[in-house]
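Novice: Got a sequence here, can you build the structure:
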Amino acid sequence: LGNGLPSTSSVFVGNLSFQVSWQHLKDVMRQAGDVVRVDVLTDAHSGRSKGCALVEFGSAADAANAINTLSGHVLDGRAIWLREDRGAAPPGGGESPAPLQVTPPPQKAPARGPAQALVADQGGEPPARVHLAASEGRVQ
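Specialist: Numbering: from 1, shown residues only. Down below sits the predicted model:
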């Protein structure tokens, strides 16, 4: 915004101990201002902490104060770092950033018959056709 303040009241906190609780982190973040919410990010499968969190402050000024005063703070033996949450909506209910657009890979050529697929896989000529005459038991 040009004034040095984050454009959001949400802060990303990194390098957290895997044992830190949201309650403990909220107590520490209150040193910088009014804390609305703390979410310690966890793995969806194991439930284990990812070592980072999102902290929502009451204002962008409180978020800026946290970034300026608590980055480098040692919490449970680890120096934490803070930055503006890049995925948060701006204050006042503005729109979130546009989602990442993913272009699908080009479609492969349609599958052909088994002999043509074999040729494509082996890079050679189609295999010779073998006909087994069932009544005579011989190859033609």
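Novice: can we go C-alpha only for contacts and neighbour counts from here?
Specialist: Noted.
Novice: Need the contact partners of whichever strand or helix holds residue 12.
Specialist: Assigned by DSSP states H and E, residue 12 falls within strand 10-14. Identification of contacts with strand 10-14 by C-alpha atoms under 8 Å, 6 or more residues apart in numbering yields 51-57, 60, 63, 67, 80-85, 88.
Novice: Next one: residue 62 from residue 45, what distance?
Specialist: 33 Å (C-alpha to C-alpha, to the nearest Å).
Novice: Between those two, which has more neighbouring residues?
Specialist: residue 62 (24 against 6; other C-alpha atoms under 10 Å).
Novice: surely that one meets residue 31?
Specialist: No - if you go by C-alpha atoms under 8 Å, residue 62 and residue 31 don't touch, sitting 9.7 Å apart.
Novice: So residue 24 belongs to a helix, correct?
Specialist: Yes - the assignment for residue 24, made by DSSP: H, G, I helix; E, B strand; the rest coil, places it in a helix.
Novice: In contact with it, which residues?
Specialist: Residues near residue 24 by C-alpha under 8 Å, 6+ apart: none.
Novice: could you give the mean pLDDT of the longest helix belonging to the chain?
Specialist: Criterion DSSP state H: the longest helix present in the chain is helix 60-70. For helix 60-70, the mean pLDDT works out to 96.
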